[in-house]
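Asker: Sequence first, then the predicted structure, then my questions.
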Amino acid sequence: MPYQWSQNSSDRTSNRLVLWPHQSLPARGMAAFVLATFTMISLPLFALIGTAVLWGLLPFLLLAVGGIWYALNRSYHDRSISEVLLITPDITQLDRSNPRAQDQHWECNTYWVRAALHPSEGPVPNYVTLQGGGREVEIGAFLSEEERIALYSELCARLGR
């Protein structure tokens, strides 16, 4: 699962949860994929070496490989989202790091915090939110549906409800 619970070693009453999106393609894998794509696309062009047709097709080949590289690089950068939830007896804090936007922070008295599962009302199935302090914030929207259900039950257990 792309999240991990931990406890402070000196204070067993505080829980820390770190969430991150799936990272299925590392940087070396991305480079290998782009190179393999370039190689496979350029194989038919070997028959055209020395002709004017090669120069007509080459820009489109480079544009296609550049587009693939750009899309994978953007996807790689978008995976830098992280959420950190800190639950102490007094305060619950949620900090979210966004790749292309400002970081977000939410804080509430732990007594009033409750987790909510929205099976169909949210932007994704089984949408998990934390409610308290007059606000409702999402948590783990980038997780899979099964992982959000598991996260909801773990949040309820950690919040003591």
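Answerer: Now that the structure is in, tell me what you want to look at. Since we're looking at a predicted model, the values are computed, not measured.
Asker: Tell me which residues touch Gln7, please.
Answerer: Going by C-beta atoms under 8 Å, 6 or more residues apart in numbering, Gln7 touches Ser14, Asn15, Arg16. Heads up, the C-betas are built off the backbone N, CA and C, glycines and all.
Asker: Now list the buried members of these.
Answerer: Ser14, Asn15 (16 or more other C-beta atoms under 10 Å).
Asker: Looking at the contacts of Gln7, which gets the smallest pLDDT?
Answerer: Lowest pLDDT within these is found at Ser14 (85).
Asker: does that residue really touch Ile87, like I thought?
Answerer: Yes: contact criterion C-beta atoms under 8 Å: Ser14 and Ile87 qualify, at 6.5 Å.
Asker: So Val84: helix, strand or coil?
Answerer: strand (DSSP: H, G, I helix; E, B strand; the rest coil).
Asker: got the contact list for it?
Answerer: Counted by C-beta under 8 Å, 6+ apart, Val84 has contacts Arg16, Leu17, Val18, Leu19, Gln93, Leu94, Asp95, Arg96.
Asker: Using ChimeraX, make a named selection holding only the buried ones among the residues you listed.
Answerer: Buried subset of the contacts of Val84, written as a ChimeraX selection, criterion 16+ other C-beta under 10 Å:
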select :17,19,94,96
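Asker: Looking at the contacts of Val84, which one is closest to Arg79?
Answerer: Among the contacts of Val84, Leu19 lies closest to Arg79 (C-beta to C-beta), at 12.2 Å.
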